[in-house]
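Novice: Here's a sequence, model it:
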Amino acid sequence: MNVLITSAGRRVSLVRAFQAEIKNINPHGKVFAVDVNPMLSAACQVADGFFRVPSLKDATYFVKLKSICLENNIGLVIPTIDTELLPMTRHKASFKEVGIRLLVAEEDFVLKCRDKRRIHDFFMQHRVDVAKEYTKENFSLPLFIKPLDGSRSVDTYIIKDEADLTDYHFQNDKLLFLQYLDHDDYDEYTCDMYYDKNSQLKCVVPRKRIEVRDGEVSKGLTAQNEIISYLRERLSHIQGAIGCLTAQFFMHKTDKSIFGIEINPRFGGGYPLSYLAGANFPKWILEEYLGDKTIADSFDCWEDKLLMLRYDDEILVHGFKG
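Specialist: Okay, here's the model as predicted:
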């Protein structure tokens, strides 16, 4: 009846949300965390317990993870970073055999999400417009460049002058040349989308990205807007999707046209805003995967125009021996 959050890092708010919700189901339920360096992870320090795990690339990672779960009555594992998703989906069956659910989408959908070109194809198949992709021989400025498999805004570039293009941009096969959607014309939204265990969309919370730091939103605003009905019409069912999906969209400020950017099939760093607005994904996850309940109804009764302003806080560890 316990939960484990992997690669916990700074996900303090996510740990606390699961702690609050699991107590409503089982007063003795606990939320554990793992990290490669848990003593330097704020989220590990606020969890009910933490464990050190090897790097995901280590052959013993999943052996260690399964051992931790079995020894601590952990029935549900929540991944938090992109690089965990594909390896984890390939271990779902072996964990399920011993009563442990890895909350990750099916492999085919994860593969789509990890490849920006494939997720663009997915969007277009579902009638969601995307930014035009250029060839490296024929493009128009301004230009947005991003990697096929990137995250956290790493290796992204806005090119407004051809002189800013380098050999690196042309020779790196992982870099996509895309139509630039100017923030003067478009608002950028991250949508927290909840898919139940039957891969049906139950909730959409668009969060306007006002300010981003290190690839993660630091100022955001919930918005009841056109994106909700747009996504309910086009993405009401995604084969293989479960739990929280974090998807990015641009919406034109005047004509309200919408462009799909990417989907990450995991909790995003800004999800705590949706949780505090009333979109209780941790509760639904616990009910579905530990309580074997069904999420019957869609939910749109979260707080509109809730502004989140993030700031740094301190987690103190007394007697630290690093």
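
Novice: Residue 271: what's it in contact with?
Specialist: 14, 192, 244, 246, 281 (CB atoms under 8 Å, 6 or more residues apart in numbering). In this view, the C-beta of every residue, glycine as well, is placed from N, C-alpha and C.

Novice: Please repeat the previous calculation with a cut-off of 7 Å.
Specialist: 14, 192, 244 (CB atoms under 7 Å, 6 or more residues apart in numbering).

Novice: Parallel or antiparallel, which strands does the lengthiest strand in the chain pair with?
Specialist: Criterion DSSP state E: the longest strand present in the chain is strand 201-213. Strand pairing for strand 201-213, using DSSP bridges, gives strand 186-195 (antiparallel), strand 216-222 (antiparallel).

Novice: Nearest to residue 268, out of the ones you listed?
Specialist: Nearest to residue 268, of all the strands paired with strand 201-213, is strand 186-195, at 6.1 Å by CB to CB.

Novice: for that closest one, what is the average pLDDT?
Specialist: Across strand 186-195, pLDDT averages out at 98.

Novice: ok, now stretch 229-246?
Specialist: Rounded mean pLDDT across stretch 229-246 is 98.

Novice: what's the offset of it from the middle of its chain?
Specialist: How far stretch 229-246 lies from its chain's middle: 13 Å, per CA atoms, centre = their mean, to the nearest Å.

Novice: In that stretch, which of the residues would be classed as buried?
Specialist: Buried residues in stretch 229-246, counting neighbours by 16 or more other CB atoms under 10 Å, are found at 230, 231, 235, 238, 240, 241, 242, 243, 244, 245, 246.

Novice: One more: stretch 110-120?
Specialist: In stretch 110-120, counting by 16+ other CB under 10 Å, buried: 110, 111, 112, 113, 114, 116, 119, 120.

Novice: about what we covered before: of all the strands paired with strand 201-213, which gets the most neighbours per residue?
Specialist: Of all the strands paired with strand 201-213, strand 186-195 has the most neighbours on average by mean count of other CB atoms under 10 Å, namely a mean of 23.

Novice: can you list the residues that contact that one?
Specialist: 201-209, 217, 223, 227, 231, 238, 241-253, 268, 270-271, 274, 279, 281, 284.

Novice: hmm, try it at 8 Å
Specialist: 201-209, 217, 220, 223, 225, 227, 231, 235, 238, 241-253, 259, 268, 270-271, 274, 279, 281, 284, 295, 299.

Novice: and what of stretch 84-98?
Specialist: 6-7, 56, 61-62, 66, 69-70, 77, 79, 101-102, 104-107, 110-111, 113-114, 265-266.

Novice: Repeat the analysis, applying 6 Å as the threshold.
Specialist: With CB atoms under 6 Å, 6 or more residues apart in numbering as the test, stretch 84-98 has contacts from 62, 79, 102, 104, 107, 110.

Novice: hang on, the earlier thing: just the mean pLDDT for the longest strand of the chain, thanks.
Specialist: Mean predicted confidence for strand 201-213 is 96.

Novice: and the spatially closest residue to residue 10 that is not a sequence neighbour, what is it in contact with?
Specialist: In space, and not counting its chain neighbours, residue 10 is closest to residue 42: 5.4 Å by CB to CB, 6 or more residues apart in numbering. Applying CB under 6 Å, 6+ apart to residue 42 gives the contacts 10, 12, 315.
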